[in-house]
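Chemist: Next input, structure requested:
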Amino acid sequence: MVSTICAFTPDRQAIYRYAGGPVLAVPEQLAWTRIGSGAIELFGGGFGLFATMRNVSGYQDGHLFWWRRKEGTIVLNGWIPIGLPGYMFAVTSESVYGLTPNRSAVYRYDGYRPGTLQENNWTKVGGPAGRLYGGKFGLFATNPSNGKLFRYLGSPDKWEFIGLPGASFAVIGDTVYGLTPDRSAVYRYDGFGSNWTRVGGPAKEIYGGEYGLVATSPIDGNLFRYYNRPDYWIQIGGPGASFAVTRDTVYGLTPDKGAVYQYSGLPNIWNRVGGAADAIYAFEEQD
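Modeler: A predicted model of the protein is given here:
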């Protein structure tokens, strides 16, 4: 599997995929391939890249599509319709989950079987939710009434309360992190019960992926990476309009959205890999 990013063009009319891996010794424009247009929103993660689409003949606006580069040995490079519109979607390493438009239920996509792509094969796995968060560690949802965080245990309607409300959450490879409602501290879930450990102070936003956790400073927007020990953070970059965390690194969109940069792995050293974009998203290609 390839871990990379995609980007919306500044007008949000087209989607481009970055070739991924180390910085390429080729012209910037050759490192990006147009893979679609007409998307309303994109959702990426370990299971792949998904988009809600508009103006697709035969489908209502907001229908969910799955981008497939290959299906077995067949090269597709296309979008497969898989589900009806939803309030939002979250991608884990084993599926994509959707929250119904009225936020009354959570569904899991079950349509993929080896050699087949079946549309609208979804299973209801939960009731009302405020928001969904997904990653390699699994699926999480907030209670729409009080914001408390619940973890999906893998079977329909089996959820476990694990934490209190937060301004946002970020799921990485082995846990989930939360930013307190007032954004004054970052906490890491300890993996059992509702136990959390404070690992950092104030943050404007947190971003997570298999590469780990990064956070922006609420003072100047500078980017810090967490090094798996409470209060051990190192600045790795300056401000950005947004960031995307893949399996291998972090990508950033400059504050003016004029260029995309890739973190080199050395603090405050980034390499330009793309031009202007409206937003960037991390995902893994499923072969």
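
Chemist: beta partners of the closest residue to Ala279 other than its chain neighbours?
Modeler: Of all residues not flanking Ala279 in the chain, Phe8 sits nearest, at 4.9 Å (CB to CB, 6 or more residues apart in numbering). In short, each C-beta sits where N, CA and C put it, glycine included. Beta-bridge pairing of Phe8 under DSSP bridges involves Ile15, Ala279.

Chemist: can you pull the contacts of the residue nearest to Pro230 when sequence neighbours are not counted?
Modeler: Of all residues not flanking Pro230 in the chain, Val199 sits nearest, at 4.8 Å (CB to CB, 6+ apart). For Val199, the contact set (CB atoms under 8 Å, 6 or more residues apart in numbering) comprises Tyr177, Val186, Tyr187, Arg188, Tyr226, Arg229, Pro230, Asp231.

Chemist: Which of the helices or strands spans the closest residue to the fifth one other than its chain neighbours?
Modeler: The reference is to Tyr226. Distances taken as CB to CB, 6+ apart place Leu213 nearest to Tyr226, at 4.3 Å, with adjacent residues excluded. Taking DSSP states H and E as the criterion, Leu213 maps to strand 212-216.

Chemist: Likewise for Pro156?
Modeler: Using DSSP H and E, no helix or strand contains Pro156.

Chemist: Verify the contact between it and Gly127 for me.
Modeler: No. Distance between Pro156 and Gly127: 10.4 Å, which falls outside the contact criterion (CB atoms under 8 Å).

Chemist: In strands, which of the contacts of Val199 appear?
Modeler: Tyr177, Val186, Tyr187, Arg188, Tyr226 (DSSP state E).

Chemist: Output the below-cut-off pLDDT ranges for the stretch 101-250 of the chain.
Modeler: For the stretch 101-250 of the chain, applying pLDDT under 70 flags the ranges 112-120.

Chemist: Look at the residue nearest to Ala279 and say how many residues are nearby.
Modeler: 19 (other CB atoms under 10 Å).

Chemist: you'd agree it is up against Ala39?
Modeler: Yes. Counting by CB under 8 Å, Phe8 does reach Ala39; the two are 7.4 Å apart.

Chemist: Sounds good, over and out.
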